[in-house]
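Peer 1: What follows is a predicted structure for the sequence shown.
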Amino acid sequence: NAGVTQTPKFRILKIGQSMTLQCTQDMNHNYMYWYRQDPGMGLKLIYYSVGAGITDKGEVPNGYNVSRSTTEDFPLRLELAAPSQTSVYFCASRDRGKGNNQPQHFGDGTRLSIL
Amino acid sequence: DAKTTQPPSMDCAEGRAANLPCNHSTISGNEYVYWYRQIHSQGPQYIIHGLKNNETNEMASLIITEDRKSSTLILPHATLRDTAVYYCIVSGGATNKLIFGTGTLLAVQP
């Protein structure tokens, strides 16, 4: 299994441009999550999904959109890039499992700079 | 805000046990304690989790106090590769969202 795969690994955007960060997992996990991590800080939850067709906001959703049309994919869209969105973005997934306490598995991240 | 309190940094000699403390005095009955670590700028790596019993796996042991208000992650024989930021997180419920604090930077010294 490849686990959680994020593309691209690095990207530089100009202010006002848009882009989609891709995330795919091959573990048939129901739950998927998007986080951002600013320098020296912990991860903050942007959006999450409990299954195909279902998404919900996390702590810091402003400026982002998501969709979940399949179990495998959970893309994150930036419509109008702003310097404040310069960050490292991590995608994660987890199985529900018995007791709903399975851990999250993380991708390697996308490093995004907006200039 | 994170529901846990961890020291910002700790040192450990290579080959010795590393004991990382975490306070979670407001933990709810259905919340688990999870430990992750992040090496440099890689994605967080899951280590171990538990509800109320002590847990052990190939990476570490987790000791949870009887009142569940604190826990300790034990790396039995720390190596230089264990140098990382360690996050203690309490989470539970239907969505099991993780709220990260700033963690403990463990520096393993040769």
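Peer 2: Thanks, I have it. Residues are numbered from 1 along each chain as shown, chains lettered A, B, ... in the order given.

Peer 1: Which parts of chain B are strands?
Peer 2: In chain B, strands defined by DSSP state E lie at B:9-13, B:18-23, B:31-38, B:45-50, B:55-56, B:61-64, B:70-75, B:84-92, B:104-109, listed in chain order.

Peer 1: model confidence over the third one, on average?
Peer 2: Averaged across strand B:31-38, pLDDT comes to 95.

Peer 1: Equivalent analysis for the fourth one, please.
Peer 2: Averaged across strand B:45-50, pLDDT comes to 96.

Peer 1: Please work out the angle formed by the directions of that strand and strand B:70-75.
Peer 2: If you take axes from the mean of the first three to the mean of the last three CA atoms, to 10 degrees, strand B:45-50 sits at 130 degrees to strand B:70-75.

Peer 1: Just the terminal-to-terminal distance for stretch B:21-30.
Peer 2: Terminal residues of stretch B:21-30 are spaced 21 Å apart (CA to CA, to the nearest Å).

Peer 1: between the strands of chain B, which gets nearest to chain A?
Peer 2: Set against chain A and scored by CB to the nearest CB, the strands of chain B come closest in strand B:45-50, at 4.1 Å. All C-beta atoms are positioned from the backbone trio N, CA, C, and that covers glycine.

Peer 1: how about that closest one: buried residues?
Peer 2: B:46-50 (16 or more other CB atoms under 10 Å in any protein chain shown).

Peer 1: could those residues be laid out in TSV, adding distance to A:Asn30?
Peer 2: Output for the buried residues of strand B:45-50, formatted as TSV (distance: CB to CB, whole Å):
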residue	distance to A:Asn30
B:Tyr46	17
B:Ile47	23
B:Ile48	22
B:His49	18
B:Gly50	23
